[in-house]
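Student: Quick one, what's the 3D model for this:
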Amino acid sequence: MAKKITKAMRADFKRCGELAYKIMDECGVKIPFLTWASMTYDELLNLEKELKKR
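Tutor: Predicted coordinates for the structure are as follows:
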């Protein structure tokens with residue numbers, strides 16, 4: 001069971017990392033690792049929406 005949870009957490013972390021790098025590339029901002037690593041995927045999506053409004 002723990003292996004399944006760990007695997008899911010790694011997949012979610014990877015997904016968040018990909019989105020964070022996409023935001024940084026498209027919006028021209030720097031997001032420190034510890035910042036995006038502690039955010040959820042939904043928080044990153046909201047950040048992306050806010051940055052695209054500007």
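Student: Skipping adjacent residues, who's closest to Leu45 in space?
Tutor: Ranked by CB to CB, 6 or more residues apart in numbering and with sequence neighbours excluded, the top spatial neighbour of Leu45 is Leu19, at 7.2 Å. C-betas here are computed from N, CA, C, even on glycine.
Student: give the contact list for that neighbour.
Tutor: When contacts are counted by CB atoms under 8 Å, 6 or more residues apart in numbering, Leu19 touches Tyr41, Leu44, Leu45, Glu48.
Student: Can you tell me which of those residues is closest to Cys27?
Tutor: Cys27 has its nearest neighbour among the contacts of Leu19 in Glu48, at 7.4 Å by CB to CB.
Student: residue contacts, that closest one?
Tutor: Applying CB under 8 Å, 6+ apart, the residues near Glu48 are Leu19, Lys22, Ile23, Cys27.
Student: and the last one, how far is that from Ile5?
Tutor: The spacing between Cys27 and Ile5, counted by CB to CB, to the nearest Å, is 32 Å.
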